[in-house]
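S.K.: Model the structure of this input:
(2 chains)
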Amino acid sequence: MRRRVLPGFGLSLGYALIYLGLIVMLPLAALAWKASGIGFEGLVRLLSAPRTLAALRLSVGGAVVAALINAVIGLLVGWVLVRYRFPGRRLFDALVDLPFALPTAVAGIALTTLYAPNGWIGRWLEPLGIKVAYTPLGVFIAMVFVGFPFVVRTLQPVLASLERDVEEAAESLGAQRWQTFFRVILPMLAPTLLTGFALALARAVGEYGSVIFIAGNIPMRSEIAPLLIVQKLEQFDVAGAAALGVAMLSLSFGLLVLVALLQRWSHRWAERAA
Amino acid sequence: MKKSILVWLVAAGMWLSGAACAGDASLLNVSYDPTRELYRQINTAFAAQWKSQHGDDVSIKMSHGGSGKQARSVVDGLPADVVTLALAYDIDAIADRGLLAKDWQKKLPNNATPYTSTIVFLVRKGNPKGIKDWADLVRPGIQVVTPNPKSSGGARWNFLAAWGYALKQAGGSEATARTYVKELYKHVPVLDTGARGATNTFVQRGVGDVLIAWENEALLAKRQLGGDTFEIVVPSVTIVAEPPVAVVDSNVDKHGTRAIAQAYVEFLYSPQGQDIAAKNFYRPRAADVAARYASQFPATHTFTLAELFGDWRQVQAKFFADGAIFDQLGPGS
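M.R.: Residues are numbered from 1 along each chain as shown, chains lettered A, B, ... in the order given. Sure, this is the predicted structure:
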């Protein structure tokens, strides 16, 4: 019989499921239970309100664009950090984790300080007519900030394990550099890139702490969906807040499922290409 | 080896989370954000008085946060002996869950508000835009900073102050108040979630020409930043902001702290408590203390919530509930 590293399958599985149940499923169940308080009609009214829709559009739309930007820039940064050796590389590598480690409120305040009309960056943008803090653009920048490490950190190990001889083979067969990149490297990276994209997206959709300080919080314009939840709680409308929470969760879950499908498809694509 | 590291980690975690408790009599005062400085001094003075009268040490723990969030925490089980919040509506919410009697506001003098404040304007040094009164806030080009009344208790007082000003003008009516307040919120570029956030946006970020603020926040900001960067403008008419206090009946009975908790809230009304309140820029209720600090608190025409609006339950339903007046005329609508 094969020896297992962890004690018995039954015990390990049991612990894993109980832990997941307590830490993840129980709070989610409580959320759904609280949300059921507003009833179906209440839910429809809540979700079809123009203000809710505007906030969801900003939260989800901003997060999708931020995750796309992060996918592109994250790929570039990961590539540079893995492929090149330069002074200060380890420092830059450590810097990538900063958005993970920084308390979100601190990140939000720091970003606002930079981009406020009298801030270091904001004061140069203001005369050009570009307002960042307290506009949807500010929300977007905060979302890029918090999502960035997810892409880099998921890509790095895969980038490191890419066999260079594949690229060399492509080159020796006469491929242009862009052909090598788009037809050889990108297909191999695509599944991981999608994972990074999904993680960055999920983080940005629900992000409150770092976004709230830089958002203007003006209804219909620069108000994020998590703020609506906080406002409902402030009025002791727990059911409404929970319902909105469930709606956002479903939306994120839907997006994640979509990304997972894309991943499976790109896996097959990568295998065919290889 | 590995195991002992784990044990240490768990132990350190428990220590960090404050699982250990002190022995002596202790009270938990759950309060809102800008009262930190006030209650630090109140607690020291009260503990000294209690010790001299009863010979026992008493330690008072504080919890600060947004008023509504604090009320929710108490409802959810935060074991507050005393609550000192920004508006009666938040204590009503605790009373609705049966943690204290519905008529809590009758148990202490002055509707259970030992000190008051009013709503004033903070403007930049020299008052470059010449802001004197509410009417100036809706002039073209003026930017106003105030927090969101949907998420901030303090901001609800600001909203009602503006509404009341419009009502009190010659020919003022519901309709003119609606028009004025709608216009006012069009001049707001940022709706912070809380009062301190709004103060920061105005003071640190340089956003806006005028901050609508509680007088005690405005005076505190002015003192902490030096008097030469900001000025306070007192409008012609404003509201009396009444932050109430209450003993949480079911919690003090559970903890056996009713006597201390009662003495603590009554201490706020004592000459010493009133003096500390005044030092922290809250308007004292006691006439003699108020007279001593008269220079700090300029006279202004004020109205109370009860005079114009009734009680907080009515106010909440009429103005701030979902789909109510603020949503109807709020910015972006």
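
S.K.: for the longest helix along chain A, which positions count as buried?
M.R.: Ranked by residue count under DSSP state H, the longest helix found in chain A is helix A:238-273. Residues A:238-249, A:252, A:255, A:259, A:262-263, A:266, A:270 are the ones in helix A:238-273 that count as buried (16 or more other C-beta atoms under 10 Å in any protein chain shown). Using the backbone N, CA and C atoms, a C-beta is placed for each residue, glycine as well.

S.K.: Residue A:208 - how many residues pack around it?
M.R.: The number of residues packed near residue A:208 is 18, by other C-beta atoms under 10 Å in any protein chain shown.

S.K.: so where does the residue nearest to it when sequence neighbours are not counted fall, helix or strand?
M.R.: In space, and not counting its chain neighbours, residue A:208 is closest to residue A:226: 4.3 Å by C-beta to C-beta, 6 or more residues apart in numbering or on different chains. Residue A:226 belongs to helix A:225-234 when assigned by DSSP states H and E.

S.K.: And for residue 122, the neighbour number?
M.R.: Picking chain A for this. 21.

S.K.: my question was about chain B
M.R.: 24.

S.K.: and if you look at residue B:131?
M.R.: Neighbour number of residue B:131 under other C-beta under 10 Å is 22.

S.K.: do the same with residue A:52
M.R.: Residue A:52 has 17 nearby residues by other C-beta under 10 Å.

S.K.: sorry, back to before: for the record, mean pLDDT for the longest helix of chain A?
M.R.: Regarding helix A:238-273, the rounded mean pLDDT is 85.

S.K.: now it, how far from the chain's geometric center?
M.R.: Centroid separation for helix A:238-273 versus its chain: 12 Å, with C-alpha atoms, centre = their mean, to the nearest Å.

S.K.: same for it, what does it pack against?
M.R.: Secondary-structure packing of helix A:238-273 (3 or more C-beta pairs under 8 Å, 6 or more residues apart in numbering or on different chains; DSSP states H and E): helix A:26-35, helix A:39-48, helix A:50-56, helix A:186-206, helix A:225-234.

S.K.: Report the angle between the last one and helix A:186-206.
M.R.: For helix A:225-234 and helix A:186-206, the angle between their directions (axes from the mean of the first three to the mean of the last three C-alpha atoms, to 10 degrees) works out to 30 degrees.

S.K.: for helix A:225-234, what is the average pLDDT?
M.R.: Helix A:225-234 comes out at a mean pLDDT of 90.

S.K.: Looking at the stretch 101-250 of chain A, which residue is nearest chain B?
M.R.: Chain B sits closest to residue A:220 of the stretch 101-250 of chain A, with a gap of 3.2 Å, by C-beta to the nearest C-beta.

S.K.: Which phi and psi values does that residue adopt?
M.R.: Phi and psi for residue A:220, reported as degrees, to the nearest 10, are phi 70, psi -10.

S.K.: got it, and residue B:121?
M.R.: Main-chain torsions, residue B:121, degrees, to the nearest 10: phi -110, psi 140.

S.K.: before we move on, what about residue B:84?
M.R.: Here residue B:84 shows phi and psi, under degrees, to the nearest 10, equal to phi -130, psi 90.

S.K.: Touching, it and residue B:31? I think so.
M.R.: Yes: Residue B:84 lies in contact with residue B:31 (C-beta atoms under 8 Å); the separation is 4.4 Å.

S.K.: Pull up the overlap in contacts between those two.
M.R.: Residues touching both residue B:84 and residue B:31 (C-beta atoms under 8 Å, 6 or more residues apart in numbering or on different chains) are residue B:39.

S.K.: ok, the two, which is more surrounded?
M.R.: Using other C-beta under 10 Å as the criterion, residue B:84 and residue B:31 rank with residue B:84 on top: 29 against 23.

S.K.: So what sits opposite the more buried one in the bridge?
M.R.: residue B:31, residue B:245 (DSSP bridges).

S.K.: can you tell me which residues contact it?
M.R.: Counting by C-beta under 8 Å, 6+ apart, residue B:84 touches B:29-32, B:35, B:39, B:243-245.

S.K.: And the furthest pair within these?
M.R.: B:39 and B:244 (14.6 Å; C-beta to C-beta).

S.K.: Give me the more crowded residue out of these two.
M.R.: residue B:244 (23 against 20).

S.K.: what's near enough to touch residue 34?
M.R.: Let's take chain A. A:238-239, A:242.

S.K.: hmm, I had chain B in mind actually
M.R.: Residue B:34 neighbours (C-beta under 8 Å, 6+ apart): B:154, B:195-196, B:214, B:216-217, B:220.

S.K.: Show the buried residues in those.
M.R.: Buried, going by 16+ other C-beta under 10 Å: B:154, B:195-196, B:214, B:216-217, B:220, out of those.

S.K.: do you know how far residue B:189 is from residue A:141?
M.R.: According to C-beta to C-beta, to the nearest Å, residue B:189 stands 17 Å off from residue A:141.

S.K.: Look at residue B:110 and say how many residues are nearby.
M.R.: 13.

S.K.: Could you list the low-confidence segments of the stretch 201-333 of chain B?
M.R.: By pLDDT under 70, the low-scoring segments of the stretch 201-333 of chain B are B:226-227, B:330-333.

S.K.: Now do the strands in it.
M.R.: Assigned by DSSP state E, counting those that start in this stretch, the strands in the stretch 201-333 of chain B fall at B:210-214, B:230-233, B:237-241, B:245-247, B:283-284, B:301-303.

S.K.: Could you identify which of those is most buried?
M.R.: strand B:210-214 (a mean of 26; mean count of other C-beta atoms under 10 Å in any protein chain shown).

S.K.: So which elements touch that one?
M.R.: strand B:115-124, strand B:144-145, helix B:153-168, helix B:195-203.

S.K.: can you redo those as TSV with distance to residue B:231?
M.R.: Below are these laid out as TSV (distance: least, C-beta to C-beta, whole Å):
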stretch	distance to residue B:231
strand B:115-124	5
strand B:144-145	15
helix B:153-168	18
helix B:195-203	13
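
S.K.: Would you single out the least confident of these?
M.R.: Averaging pLDDT over each of the helices and strands packed on strand B:210-214 puts helix B:195-203 lowest, since it has a mean of 88.

S.K.: wait, doesn't residue A:138 sit right on residue A:122?
M.R.: No: here residue A:138 does not reach residue A:122: they are 9.5 Å apart, not a contact under C-beta under 8 Å.

S.K.: joint contacts of those two?
M.R.: In contact with both residue A:138 and residue A:122: A:115, A:132, using C-beta under 8 Å, 6+ apart.
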